Structure formats: structure tokens, C-alpha cells
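A structural model of the following input is requested.
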Amino acid sequence: MGTVVTAFLASSFTGLLTVVGALPVFLSKRPSIRSENLLLGFAAGVMLAASFFSLIIPAIDIATKRYGDGVIPPTIAVLGVLLGALFIAALDKNIPHEHFVGGPEGPKAKRLSGIWLFIIAITIHNIPEGLAVGVTAGVGDREAISAIAMGIGLQNIPEGLAVAVGLVSVGYSRARAVLIATLTGLVEPISGTFGGWFVSVAEPVLPWGLLVAAGAMIYVISHEIIPETHRRGHHSSATGGLMVGLVVMLFLDVWLG
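As a prediction, this is how the structure comes out:
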């Protein structure tokens, strides 16, 4: 139960930072496109660094301790990452949502308004983030949990802002926009608690859980966030944000881990 409680608390922290990101919507000035791209690039950098330094490398270390050197640990790594990517790809295909670049996708997508398809997309993307935090709790390393919770929480801030700004732009009140942005973040404690519970009752699957979460996040970075940051220009700002996010997460992981 300790693992489950830790997973719930850590993923709740990351989910609530979505609210922090949404709060600036109460200000009258909308962030510039350059600022939005920089913030989303920062989110991508954090997720990329977390995928490797907080998830893939620890998973390989755990698998190596369990199975020894040889072909098994790298095979688990490859299969786990691919399974995570396939998991999010399946959600993308079967749940109606709005892709930034590709437009509406999923069954009956055209029956929903564009902003709601976008909100569903953000909610889907929060699933691997919550899983990453929850599964990391199964490692039992407080420093590792702190590092990934801080990193994922930081990148949730621009996501919360994106949801709130989008809602206000189509006529929603600022208060309602913040409320809905908050709800998109609630999927993180749900998926995080599930991840923590799963690895606590099936400890041998811990490296698989870490790798699936990593693969899911890498898929989101490549399939959604990076294309969005480059579709409206300001490529340098987006790339700069990605690099800053990556080194911030790297610093947190080395410092706390």
C-alpha cells in the first residue's frame, strides 16, 4: 500500500500543476505564439529526458540485476518501449480527438467541436505521464520519484495553459476554462495510482512498466508536441525550449537521483 499511496500523491502533485499553468488565463493578455512554442518545446524536452534518464536507464538496470548481462535486458527494453508507443497509438486511433497538425481523428471525431477534441487529446497525453510517475514509485527510490514528479509537473504547466487559452478563445469563461484544464490533469493521479498498484502486486513487471511509460511519452513527443511547435514558425524558440527542458530534467535527475 505504501507504493500505491506514494504513486497517488506524486501523480496528484503533477496533475495539479496543470492548474498552475491554467491560472494565467485570468490575465487579459494571451501568450504570444512564440511563447507558446517555447513552453511546449520545454515540455517536450522534459518528457524526452525523463523517458531516458528516469525510465529507460533504471529499467535496464533492474532487468540486468534480475537476468544478468546478455540479450534479455536489451530485448525487454526494446519490446517495452514499442509496447508503450503502440498503447498510445491505439488510443489515438480509437478515441475521438483533435491532432494539432492532422486534424480530427478517431471514430465519430467530426461530431465533437474542435476544442473538445483538443482537450481529449491532452487528456490522452496525460496518461503516460501519470503512469511514469506511478510506476517509478514502484522502484522505491524517493529521489527518483521526486525528480520525475518535478519534471513531469513542470511540463504540465504549459499544457494547462494551452487548454485554458484554447477554451477562452472560443468563448468559455476564464473560471470554466481553468476548471476544465484542472479536470484534464486529474487523469494523472488515476493512471499514476494504477501504475503504482500494478507494479506493487506484480513486482517482476516493474522494468516493463517503466519502459512502457517511456515508449508512450516518446510517441507523444514525436507524434504531437514537436509537430505543433513547428507548424506556426518560431522553430528556434521551440528548439531552445526543448533544450532547456531537457537539461533541466537532466539536472533534476542527477541532482536528486
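
Please make it C-alpha for all contacts and neighbour counts, starting now.
OK.

Now do the strands in the stretch 101-250 of the chain.
103-105 (DSSP state E, counting those that start in this stretch).

how near is the spatially closest residue to residue 136 that is not a sequence neighbour to residue 214?
In space, and not counting its chain neighbours, residue 136 is closest to residue 145: 6.0 Å by Cα to Cα, 6 or more residues apart in numbering. From residue 145 over to residue 214 the distance is 15 Å, taken as Cα to Cα, to the nearest Å.

what do you get for residue 140?
Taking Cα to Cα as the measure, residue 140 falls 18 Å from residue 214.

Which one of those two is surrounded by more residues?
Between residue 140 and residue 214, residue 214 has the larger neighbour count (other Cα atoms under 10 Å), namely 33 against 13.

residues contacting that one?
50-52, 55-56, 81, 84, 128, 132 (Cα atoms under 8 Å, 6 or more residues apart in numbering).

If we use 6 Å, what do you get?
51, 55 (Cα atoms under 6 Å, 6 or more residues apart in numbering).

In three-state terms, how would the residue nearest to residue 234 when sequence neighbours are not counted be classified?
Closest residue to residue 234 apart from its sequence neighbours, by Cα to Cα, 6+ apart: residue 34 at 5.9 Å. Following DSSP: H, G, I helix; E, B strand; the rest coil, residue 34 is assigned to helix.

List the contacts of stretch 157-164.
17-18, 21-22, 39, 177-178, 181.

Neighbour count, pLDDT and distance to residue 92 for the residues you listed - can I get that in CSV?
Below are the contacts of stretch 157-164 laid out as CSV (neighbours: other Cα atoms under 10 Å; pLDDT from 0 to 100; distance: Cα to Cα, whole Å):
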residue, neighbour count, pLDDT, distance to residue 92
17, 23, 88, 24
18, 29, 87, 22
21, 24, 83, 24
22, 27, 85, 24
39, 27, 78, 23
177, 25, 84, 24
178, 27, 87, 25
181, 29, 84, 20
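
and the residues you listed, which two are the farthest apart?
39 and 177 (19.0 Å; Cα to Cα).

What ranges in the stretch 51-200 of the chain fall below the confidence cut-off?
95-119, 121, 169-170 (pLDDT under 70).

Sketch out the helices for it, chain order is fine.
57-67, 72-94, 114-137, 142-169, 174-185, 187-201 (DSSP state H, counting those that start in this stretch).

Which among those is found nearest to residue 13?
helix 142-169 (7.0 Å).

For the closest one, list every residue counted as buried.
Counting neighbours by 16 or more other Cα atoms under 10 Å, one finds that the buried residues in helix 142-169 are 144-168.
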